[in-house]
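*Asks:* Sequence below, structure please.
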Amino acid sequence: MLNPKIYSLLQVYQCGSFMAAAKKLSITQPAVSHHIKALEEELHVLIFDRRGGKVVLTREGEEVIKCAKKMLGLYQNLQQDLRDSKKLISHLTVGVTHTAESNPIAEALASYGAQNDQVMIKMITGTIKKLYSMLKTYEIDLAIVEGRIADPSIRYLLMDTDYLALAVSVNHPFAGREMVTLSELKKERMILRLPNSGTRNLFTAHLESNNMSLSEFNVILELDNIATIKDLIRRDLGVSILPRSVCLDELKKKKLVVLPVENLSMVREINLAYQSDFTQTDMLRDIVRSYRETLRHYR
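*Replies:* So this is what the prediction gives:
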């Protein structure tokens, strides 16, 4: 069983107060305070700064919390594995970015689950930064992300190669073109992802490589929901830079048109990321195979 002090620590961190943590854990506030004090004495660090009536995580406390999350994730995985071994069922938690959520990955995971009754899949969404954090603390088993980071504890399996393109409605003057220029794009009403998205950052980086800035373009709206962006494009309310993979269904049904922008080769990988100690590598290859088979339906 995981040490009760770890539960108290994480609840104080999540709730922001000793009293709220005690209520959540159904124990007394002195008991929570004792747990935190005992941890601080064991580790010889100050985890929370309690000055001014506020509970603030210290720099050392951030490292303790990170480790505590990993311990909890491992313990929960152990509990699940033991339950699964009795039922001959595997639970798999997959984290995906908002971009990946909009491409055929959900369909591919559903198809894989339908073909493997002994596997139960949970899919959650988040930013790349959040997904990597959850992967490191074992809150998720796998992450489907764009690109890679330099981390020796994370391994990757290439699923696909994607690229960003200009998405316009089928009635737009650009719809019959093979390519547009940056000068032409400057005159368009643009609907973009939020600044913290990988899609937005990749577009901005390529503009900068061409000695241009996003401020030179007519951005009328920023939002994070890709389905909403595509709906607004279909209604001729603007154009957008989107991964081609999120437009596959609309392309097949001729509801959108995507085309490259001159001098912008915005190519990136779609990868399956996992911890180096993940042992079910056959499952990884099967998921990639299911994804690639799903893509064939859109071509």
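*Asks:* can we go C-alpha only for contacts and neighbour counts from here?
*Replies:* Will do.
*Asks:* Contacts only, for Ser33.
*Replies:* Phe18 (C-alpha atoms under 8 Å, 6 or more residues apart in numbering).
*Asks:* Shouldn't it be within a helix?
*Replies:* Yes: according to DSSP: H, G, I helix; E, B strand; the rest coil, Ser33 belongs to a helix.
*Asks:* Surely Tyr138 is in contact with Leu74?
*Replies:* Yes: counting by C-alpha atoms under 8 Å, Tyr138 does reach Leu74; the two are 6.1 Å apart.
*Asks:* higher neighbour count, these two?
*Replies:* A direct count of neighbours by other C-alpha atoms under 10 Å for Tyr138 and Leu74 places Tyr138 higher, at 22 against 16.
*Asks:* For that one, which non-adjacent residue is spatially closest?
*Replies:* Spatial nearest neighbour of Tyr138, excluding adjacent residues (C-alpha to C-alpha, 6 or more residues apart in numbering): Gly73 at 4.8 Å.
*Asks:* isn't there a helix covering the one you found?
*Replies:* Yes: per three-state DSSP, Gly73 lies within a helix segment.
*Asks:* Hmm, Leu135 and it touching each other?
*Replies:* No: with contact defined as C-alpha under 8 Å, Gly73 does not reach Leu135; the gap is 9.6 Å.
*Asks:* hmm, back to that, and the residue nearest to Tyr138, how far is that from Tyr7?
*Replies:* For Gly73, the distance to Tyr7 equals 12 Å [C-alpha to C-alpha, to the nearest Å].
*Asks:* Equivalent analysis for Leu57, please.
*Replies:* 16 Å.
*Asks:* can you check Asp249 too?
*Replies:* In terms of C-alpha to C-alpha, Asp249 sits 45 Å off from Tyr7.
*Asks:* any weak-confidence spans in the stretch 1-150 of the chain?
*Replies:* For the stretch 1-150 of the chain, the stretches with pLDDT under 70 are 1, 52-53, 81-89.
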